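> Provided below are the primary sequence and the corresponding predicted coordinates.
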Amino acid sequence: MEDVLGLRPVFRVLVLFLAAASLSAQAEFTDTTLQGELWMPFQPIVPGELEKQVPDETKLADLLSEVQTVFSGMVYGWSFVYRPVDPSRKVPEFLEVKSLGQIVASRGDPATARALAVSTRLDEDQGVMTVLFRYYMPDFEAARRRAWASADLDQAAGVGKTKAVDRLESRVGALHQSLKEAVRALLRPRYYNRPEEIRGEALLREVPRYYLESGQFVCSAKYQVRILGVREYPAY
């Protein structure tokens with residue numbers, strides 16, 4: 001078990017618990033095996049974290065929770081509601097992102113499990129843990145992902161940023177912000193005036209890319225987007 005996962009013994013139980021609910025991904029919609037890496041810093045990133053510490057169970061649990069969130073979005077996608085900020089009307093920005101489905105756990109022997117943590121790299125000099133995940137989609141999930149490719153949908157990309165105050169919540173927040181920016185980039189050429197509300201669905205095309213910059217997590221991601229409705233402000 002330990003050789004298959006390539007992780008230190010302290011991590012094995014957590015990896016087996018959530019690896020079955022995780023997947024990594026690549027851009028090809030026809031491939032039933034998805035693969036990709038996610039990394040998590042364990043150097044100080046927020047005030048009060050004064051010393052480097054090797055990854056503990058909490059940091060690994062955060063990474064595996066992110067794996068489940070991110071890669072469920074690659075098979076099932078999200079629904080979203082976005083209301084752009086409008087200072088002239090005193091309307092604050094609002095963004096709501098909800099999962100359309102979660103990966104179903106499949107526990108068992110590593111030789112037959114659908115999800116595996118294939119390898120782990122610890123860079124103690126840089127303070128980074130990187131895990132390569134691989135997921136074997138069952139037929140119904142592969143068909144669901146293919147359906148997003150076969151539909152007449154828009155493609156869009158966005159870069160989102162959030163202040164690095166928490167390893168998990170900040171990174172998921174940056175992912176959601178990247179979706180918002182993708183929707184903005186998609187609709188900006190189509191609407192001269194700022195809409196009141198945008199509703200739709202989106203699927204991650206491939207593994208998002210993260211990096212740290214000036215105390216912020218930055219996420220770059222690509223999406224398939226289905227716009228379900230755009231509500232404009234009434235004319236004066």
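The structure has been received and is ready for your questions.
> buried residues in stretch 195-212?
195, 198-208, 210 (16 or more other Cβ atoms under 10 Å). Just so you know, the C-beta spots here come from the backbone N, C-alpha and C atoms, and that holds for glycine as well.
> try stretch 217-234
217-227.
> backbone phi and psi for the most centrally placed residue in the chain, please?
What sits nearest the mean C-alpha location of the chain, by Cα atoms, centre = their mean, is Val70, with 2.9 Å. Per-residue torsions, Val70: phi -70, psi -50 (degrees, to the nearest 10).
> now the lengthiest helix in the chain: average pLDDT?
Longest helix in the chain, counting residues (DSSP state H): helix 167-187. Average pLDDT, helix 167-187: 94.
> C-alpha coordinates for it, CSV please?
Extracted in CSV, the C-alpha atoms of helix 167-187 (Å, rounded to 0.1, in the frame of the first residue of the first chain):
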residue,chain,number,x,y,z
ARG,A,167,-4.4,27.0,2.5
LEU,A,168,-7.7,25.3,1.5
GLU,A,169,-10.3,28.0,1.6
SER,A,170,-8.1,30.6,-0.1
ARG,A,171,-7.2,28.2,-3.0
VAL,A,172,-10.8,27.2,-3.5
GLY,A,173,-11.8,30.8,-3.4
ALA,A,174,-9.2,31.6,-6.1
LEU,A,175,-10.6,28.8,-8.2
HIS,A,176,-14.1,30.3,-7.9
GLN,A,177,-12.8,33.7,-8.8
SER,A,178,-11.1,32.3,-11.9
LEU,A,179,-14.6,31.0,-13.0
LYS,A,180,-16.0,34.5,-12.4
GLU,A,181,-13.3,36.1,-14.5
ALA,A,182,-13.8,33.5,-17.2
VAL,A,183,-17.5,34.4,-17.4
ARG,A,184,-16.7,38.1,-17.4
ALA,A,185,-14.3,37.6,-20.3
LEU,A,186,-16.8,35.5,-22.2
LEU,A,187,-19.7,38.0,-21.9
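> and it, what does it pack against?
Judged by 3 or more Cβ pairs under 8 Å, 6 or more residues apart in numbering; DSSP states H and E, helix 167-187 is in contact with helix 57-75, strand 78-83, strand 94-99, strand 154-163, strand 197-204, strand 216-231.
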